[in-house]
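Peer 1: Return atomic coordinates for the entry below.
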Amino acid sequence: MPQLTQLPEIFWSQLFWLAVVFGTIFFGIGLGMLPKIRSTVARMDAARADAVKVANDAKQASARDTEAAVRAASEKINVKVDAAQAKIRKAVDSARAEIEAVAAEAAGEMVARLTGRTVDRKQAAEAVKAEMNV
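Peer 2: Numbering: from 1, shown residues only. The predicted structure is shown next:
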């Protein structure tokens, strides 16, 4: 076969050109493309870090806004609760006064029926008030 007889004559030539081509590719990629790839990766890392910072800032701003809204709502609720408590206290005081008046009147009538004496309303009211405050 004639191809095999030529092999020793062209072997060194083929090996030389193989080294030239692979060397060119290696140095072309290593010196030309690799720095561009590294700079792109560095920019991507920087962009990722900036995105994380922006996201954290947004979370903190949202938390502050939410906290302010909750604080405002809490203040409004506290005002309403205070007003409701005052209204309840007023209703309790009014109910207590009505109960005292009814109890004083009932005590006066009971004394009148049992003993036949009339009791002054003022005295009956004072006696009832004294017993209810105990």
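Peer 1: Show me where the chain has its helices.
Peer 2: 2-27, 34-115, 121-132 (DSSP state H).
Peer 1: Deepest in the core, which of these is it.
Peer 2: helix 121-132 (a mean of 14; mean count of other C-beta atoms under 10 Å). From N, CA and C alone the C-beta is placed, and that goes for glycine too.
Peer 1: who's in contact with it?
Peer 2: With contact meaning C-beta atoms under 8 Å, 6 or more residues apart in numbering, helix 121-132 is reached by 96, 99, 100, 101, 103, 104, 105, 107, 108, 111.
Peer 1: Just send the helices of the chain back as CSV, with mean pLDDT too.
Peer 2: Shown next, in CSV, are the helices of the chain (pLDDT from 0 to 100):
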stretch, mean pLDDT
helix 2-27, 86
helix 34-115, 94
helix 121-132, 84
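Peer 1: next one: phi and psi at residue 116?
Peer 2: phi 80, psi 0 (degrees, to the nearest 10).
Peer 1: Relative to residue 109, how far out is it?
Peer 2: 12 Å (C-beta to C-beta, to the nearest Å).
Peer 1: ok, now residue 10?
Peer 2: 139 Å.
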